[in-house]
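Visitor: make a model of this:
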Amino acid sequence: ALVLDGRLHTGSSGLALEVGHLTVNPDGRPCHCGNRGCLDVEADPLAFVTAAGRDPGPEVSLLQRSRDLLRTEYGDPAVRSAAHLLVARLGLGLAGLVNILNPDRIVLGGLYQDLLKADPERLRAVVAERSLWGRSGSVPVLECALDHNSLVGAAELAWQPVLDDPLGTLAG
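Guide: Residues are numbered from 1 along each chain as shown. A predicted model of the protein is given here:
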């Protein structure tokens, strides 16, 4: 999500900031959008689990499997290498956003938050090295403090019309 001046920015058609569709690997896996190498498929739980040489298996969700690997097997060279690969791809995407938006901070949730926890300085370093603003002064990369952060964002989006114009929304 993009918050500008304290307000959620949705763009002209409601699809602003589809960060997951930034190309971070031109020769990468196909994405459901029709492109190849989108952040959504190059730095997602499936990409991480398979890069770590693990069977995704149906036992637990891919996100939970990824989190478990980062928390309990980060010392394993294959897991660490997979994490570094995802951090490089995520960092490339975030650096592009930093160059375009010059944000005062980046807040990450889900798997990205877990990657940040596993190796806090690596992702920050990639963003700093790959972005103009990062090299001239660091942009803080922070963990989301909210549980179920995507649900909080969806609720914010759903309630935005009411927050913008309570009387008009109720009357209309």
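
Visitor: from now on I want contacts and neighbour counts done on CA atoms only, so please keep to that.
Guide: Will do.

Visitor: return the set of buried residues in stretch 80-99.
Guide: The neighbour-count criterion (16 or more other C-alpha atoms under 10 Å) identifies 80-98 as the buried residues of stretch 80-99.

Visitor: so how far is that stretch from its chain's centroid?
Guide: Taking the mean of its C-alpha atoms, stretch 80-99 sits 9 Å from the chain's own mean (C-alpha atoms, centre = their mean, to the nearest Å).

Visitor: hmm, who's touching it?
Guide: Under the criterion C-alpha atoms under 8 Å, 6 or more residues apart in numbering, residues 19, 22-25, 39, 42-43, 47-49, 51-52, 70, 74, 112, 115, 122-124, 126-128, 130-134, 139 lie in contact with stretch 80-99.

Visitor: filter those down to the buried ones.
Guide: Buried positions within the contacts of stretch 80-99, assessed by neighbour count (16+ other C-alpha under 10 Å), are 19, 22-24, 39, 42-43, 47-49, 51-52, 70, 74, 112, 115, 122-124, 126-128, 130-134, 139.

Visitor: looking at these, which are in helices?
Guide: Assignment to helices by DSSP state H places the following of the buried ones among the contacts of stretch 80-99 there: 39, 42, 47-49, 51, 70, 112, 115, 122-124, 126-128, 130, 132-134.

Visitor: and I106, what pLDDT?
Guide: According to the model's per-residue confidence, I106 sits at a pLDDT of 88.

Visitor: I meant to write G153 there.
Guide: Model confidence at G153 (pLDDT) stands at 53.

Visitor: for this structure, where's the lowest mean pLDDT among helices and strands?
Guide: helix 149-164 (a mean of 56; mean pLDDT, DSSP states H and E).

Visitor: any idea how far L39 lies from E59?
Guide: When C-alpha to C-alpha, to the nearest Å is the yardstick, L39 and E59 sit 25 Å from each other.
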